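Chemist: quick one, structure for this:
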Amino acid sequence: MFDLILAAATAVAAGTPAPLGAAAPAAPAATAGAASAGAVPATNATLSPQLLQQLGITHKSPLAAHAPWLAHGIAGIFLIFGIALIALLAMQTTKQDGLSGTLGGRVEAGYKPRLGMDQQIARLTTFVAIGFVFFGVCTSLTGF
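Modeler: Next comes the predicted model:
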């Protein structure tokens, strides 16, 4: 594979027509005093994205290359968890005013057999936050 890349780069640097149907570079206009027998013309030795695509060189992870539906599905679930986390954090209420009530926890004494709505939202927020982190790691590993 690297031989193909080297051959393509050499062809572009030498000024020969590019392989695989790519457009040939335009020849530079020669001036009367600048052209000499030993002068090397300045060329652009970069490979075009179309040539890289024709050679089959991509920057995708194996999962994104072979199962793009799965990579997109994981990214979609990650977005859903992010939106749900924002909504759940916005729904939570605090017992104290100000930033300390929002960031700090509250201490409750006593046994309550059933959780109230605030405790249920807090518990659900914990699970959604764990899922958000998990799918964030999965999304980064898919190379998406």
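Chemist: give the rounded mean pLDDT of the helix or strand harbouring Phe134.
Modeler: Phe134 belongs to helix 117-142 when assigned by DSSP states H and E. Helix 117-142 shows a mean pLDDT of 92.
Chemist: stretch 72-91 too?
Modeler: 94.
Chemist: buried stuff in that stretch?
Modeler: 74-75, 77-78, 81, 84-85, 88 (16 or more other Cβ atoms under 10 Å). Glycine gets a C-beta too; all of them are placed from N, C-alpha and C.
Chemist: which one of those sits closest to Leu55?
Modeler: Distance ranking of the buried residues of stretch 72-91 against Leu55, using Cβ to Cβ, places Ala75 first at 27.2 Å.
Chemist: I'd like the buried residues of stretch 72-91 as TSV, with secondary structure and distance to Leu52 appended.
Modeler: Rendered in TSV, the data for those read as follows (DSSP: H, G, I helix; E, B strand; the rest coil; distance: Cβ to Cβ, whole Å):
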residue	secondary structure	distance to Leu52
Ile74	helix	26
Ala75	helix	24
Ile77	helix	31
Phe78	helix	29
Phe81	helix	34
Ala84	helix	39
Leu85	helix	38
Leu88	helix	44
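Chemist: tell me the buried residues in stretch 119-137?
Modeler: 121, 125, 128, 131-132, 135.
Chemist: domains of the chain?
Modeler: Split into domains by automatic domain parsing, the chain comes to 2-55, 62-142.
Chemist: rewinding a little: nearest to Gln53 among the buried residues of stretch 72-91?
Modeler: Ala75 (22.5 Å).
Chemist: ok, the closest one to Gln120 distance?
Modeler: 29 Å (Cβ to Cβ, to the nearest Å).
Chemist: next one: Phe135
Modeler: In terms of Cβ to Cβ, Phe135 sits 22 Å off from Gln120.
Chemist: now the buried residues of stretch 119-137 in JSON lines, please, with extra columns for distance to Leu115.
Modeler: Below are the buried residues of stretch 119-137 laid out as JSON lines (distance: Cβ to Cβ, whole Å):
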{"residue": "Ile121", "distance to Leu115": "10"}
{"residue": "Thr125", "distance to Leu115": "13"}
{"residue": "Val128", "distance to Leu115": "16"}
{"residue": "Gly131", "distance to Leu115": "20"}
{"residue": "Phe132", "distance to Leu115": "22"}
{"residue": "Phe135", "distance to Leu115": "26"}
